[in-house]
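Q: sequence and computational prediction follow.
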2 protein chains.
Amino acid sequence: MSKPEKVTKTTSKAKIRQENEKTILKAAESVFAEYGFRGATTSMIAERANIPKANLHYYFPTKQALYRQVVDNIFNIWLQAADSFDDCDDPIEALTRYIEKKMDISRENPMGSKVWANEIIRRAPVIQDYLETTLKDWTESRVAIIQRWIDQGKINPVDPQYLLYMIWSTTQHYADFNHQIETLNGGTPLSDAQYQIAKDNAIEIILTGIGARK
Amino acid sequence: MSKPEKVTKTTSKAKIRQENEKTILKAAESVFAEYGFRGATTSMIAERANIPKANLHYYFPTKQALYRQVVDNIFNIWLQAADSFDDCDDPIEALTRYIEKKMDISRENPMGSKVWANEIIRRAPVIQDYLETTLKDWTESRVAIIQRWIDQGKINPVDPQYLLYMIWSTTQHYADFNHQIETLNGGTPLSDAQYQIAKDNAIEIILTGIGARK
DNA sequence: CGTTAATTTGACCAAATGGTCAGGAATTAG
DNA sequence: CTAATTCCTGACCATTTGGTCAAATTAACG
């Protein structure tokens, strides 16, 4: 056979690269989340990935390049959430799905959310173009959908823009400020049950708040 | 006369110190907000304050000391907002006042909010004791007030804890993410009128959302 | 096997960083 | 006025930083 017999071989050049890049990206995400771009150091990232710094620079020549890759991954997750807010006639269904998705992301990928927050706080030196194109277009289309719901009398006449901000802030808060939440929860992270309550609460208050509940 | 005649003199040792410290603290706040503690440099702060770095270190011997002072100031502003949520029988009145106050702070002191956000993201190395004492006590007392409103049938049975998180996140979002909001607003900051709408929207959705509106 | 290509890493470097210090300038006290 | 005190700052230093490189190791393939 020309194909290698042991596809599940522990080591293979392709696999090595794939795994190392993944490990480094994960370490980088958590360090960038905690210290921002300037505050993060490549040695810290290398240490957290359990490799020598020189090896990190073999895979990612510069700190910039590594950061860009991390941010790209995060933006893809964001896109995934964005998709869940589809053009649906029922505001309850659409918003419930969207808020739920965003809450799930905050729980499963808190580091990514923090990197994003840091980027915005720094005035988006890397993702500014995303904000002005993809995010802006997406936002405008959803504003239109929400406005349609209002025109159809399905929800109260709230300002769609600020409703979106409220959804973003509430859901992302559980990622960005999870340390504060944990501290107020007696030093232990929210349990799955507690997180479910938080999720239900957010959905309930927002849907009731815009008059979607009949 | 033993007292100096020219009290309004442009230069006096006491005045000089007071003004320089204020200038440095303001510059430090904006640099720490943008880059976090690690990412900020004393030269950047000195430059933004228009003084030589050595002069900065004359007033604040270490970066740590300067940061601590900045955080202390921010915490005092937070306390000021906290006070506006008093033990009031009317949830509409109390929550409206509190949300309004928090929105005003976000507008007038966005840098402080960002420094706070950075601190929490870094797991509160400096303010952890505040979180565990002052913030925790305050939160518990407000949870009790909200619970009382629920028991009295004045608002829907929401979970008080998560309602607070929603208020914090929504209001602080306008400070921490103001760059994103500005970008989505066509590159210009929210006008006073727009900010008023954002404020009204937040109050309206939250109060309606918990069933406080009759 | 042997050759080639990919991976690993200790040692190294120039630039940036937090912080120091000596000495000069300005203000105040007597 | 003089002396004491506070303020100011250019020059300096040890450490940390992002990044390089040559040499060694490992896998790929005929």
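A: Yep, it's here.

Q: pull out the buried residues from the host helix or strand of A:K102.
A: Here A:K102, judged by DSSP states H and E, is contained in helix A:91-108. By neighbour count, and taking 16 or more other Cβ atoms under 10 Å in any protein chain shown as the criterion, the buried residues in helix A:91-108 are A:91-92, A:94-103, A:105-107. Heads up, the C-betas are built off the backbone N, CA and C, glycines and all.

Q: likewise for stretch A:195-214?
A: Of the residues in stretch A:195-214, those buried under the neighbour-count criterion (16+ other Cβ under 10 Å) are A:195, A:197-212.

Q: what does stretch A:127-143 give?
A: Buried residues in stretch A:127-143, defined by neighbour count with 16+ other Cβ under 10 Å: A:I127, A:Y130, A:L131, A:L135, A:W138, A:T139, A:R142, A:V143.

Q: quick check: closest non-adjacent residue to the first one.
A: Spatial nearest neighbour of A:I127, chain neighbours left out: A:E119 (5.5 Å); criterion: Cβ to Cβ, 6 or more residues apart in numbering or on different chains.

Q: what parts of chain A come near DNA strand C?
A: When proximity is defined by Cβ under 7 Å from any atom of the strand, chain A lies next to DNA strand C at A:K13, A:I16, A:R17, A:N20, A:I51, A:P52, A:K53, A:A54, A:N55, A:H57, A:Y58, A:Y59.

Q: I'd guessed the third one sits against A:Y58; true?
A: Spelled out, that is A:R17. No: taking contact to mean Cβ atoms under 8 Å, the distance of 10.0 Å between A:R17 and A:Y58 leaves them out of contact.

Q: near chain B, which of the buried residues of stretch A:195-214 show up?
A: Restricting these to those within reach of chain B (Cβ under 8 Å from any Cβ of the partner chain) leaves A:I197, A:A198, A:N201, A:A202, A:E204, A:I205, A:I206, A:L207, A:T208, A:G209, A:I210, A:G211.

Q: is stretch A:143-158 up against chain B anywhere?
A: Yes: using Cβ under 8 Å from any Cβ, stretch A:143-158 reaches chain B at A:N156, A:V158.

Q: can you list contacts of that stretch?
A: Among residues not part of stretch A:143-158, those counted as contacts by Cβ atoms under 8 Å, 6 or more residues apart in numbering or on different chains are A:85, A:87, A:90-91, A:94, A:160-161, A:163-164, A:209-212, B:201, B:204-205, B:208.

Q: mind listing what's buried in that stretch?
A: For stretch A:143-158, the neighbour count (16+ other Cβ under 10 Å) marks A:V143, A:I145, A:I146, A:W149, A:I150, A:K154, A:I155, A:V158 as buried.

Q: can I get it as PDB, trimmed to CA atoms?
A: Output of stretch A:143-158 as PDB, limited to C-alpha atoms (Å, rounded to 0.1, in the frame of the first residue of the first chain):
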ATOM      1  CA  VAL A 143     -32.100  45.500  13.300                       C
ATOM      2  CA  ALA A 144     -34.400  45.300  10.200                       C
ATOM      3  CA  ILE A 145     -35.800  42.000  11.400                       C
ATOM      4  CA  ILE A 146     -36.500  43.300  14.900                       C
ATOM      5  CA  GLN A 147     -38.000  46.400  13.400                       C
ATOM      6  CA  ARG A 148     -40.300  44.200  11.300                       C
ATOM      7  CA  TRP A 149     -41.500  42.400  14.500                       C
ATOM      8  CA  ILE A 150     -42.300  45.800  16.000                       C
ATOM      9  CA  ASP A 151     -44.200  46.900  12.900                       C
ATOM     10  CA  GLN A 152     -46.100  43.700  13.000                       C
ATOM     11  CA  GLY A 153     -47.000  44.400  16.700                       C
ATOM     12  CA  LYS A 154     -45.200  41.200  17.800                       C
ATOM     13  CA  ILE A 155     -43.000  43.100  20.300                       C
ATOM     14  CA  ASN A 156     -43.100  46.500  22.000                       C
ATOM     15  CA  PRO A 157     -41.500  49.400  20.100                       C
ATOM     16  CA  VAL A 158     -38.000  49.200  21.600                       C
END
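
Q: give me the mean pLDDT for it.
A: Summarised as a single mean, pLDDT over stretch A:143-158 is 98.

Q: mind listing the helices for chain A?
A: Using DSSP state H, the helices found in chain A span residues A:13-39, A:42-48, A:53-59, A:63-83, A:91-108, A:110-121, A:128-130, A:136-151, A:160-176, A:178-184, A:192-209.

Q: other SSEs contacting the second one?
A: Pointing back at helix A:42-48 there. Applying 3 or more Cβ pairs under 8 Å, 6 or more residues apart in numbering or on different chains; DSSP states H and E, one finds that helix A:42-48 makes contact with helix A:13-39, helix A:53-59, helix A:63-83.

Q: buried sites along that helix?
A: So, applying 16+ other Cβ under 10 Å, buried residues of helix A:42-48: A:T42, A:M44, A:I45, A:A46, A:R48.

Q: ok, and what's touching that helix?
A: Counting by Cβ under 8 Å, 6+ apart, residues outside helix A:42-48 touching it are A:24, A:27-28, A:30-31, A:35, A:52-53, A:55-57, A:63, A:66.

Q: switch to 10 Å and redo it
A: A:23-32, A:34-35, A:41, A:51-57, A:60, A:62-63, A:66-67, A:70, B:38 (Cβ atoms under 10 Å, 6 or more residues apart in numbering or on different chains).

Q: one more: the third one?
A: Around helix A:53-59, the neighbours that count as contacts under Cβ under 10 Å, 6+ apart are A:17, A:20-21, A:23-25, A:27-28, A:41-47, A:49, A:51-52, A:63, A:65-66, A:69.
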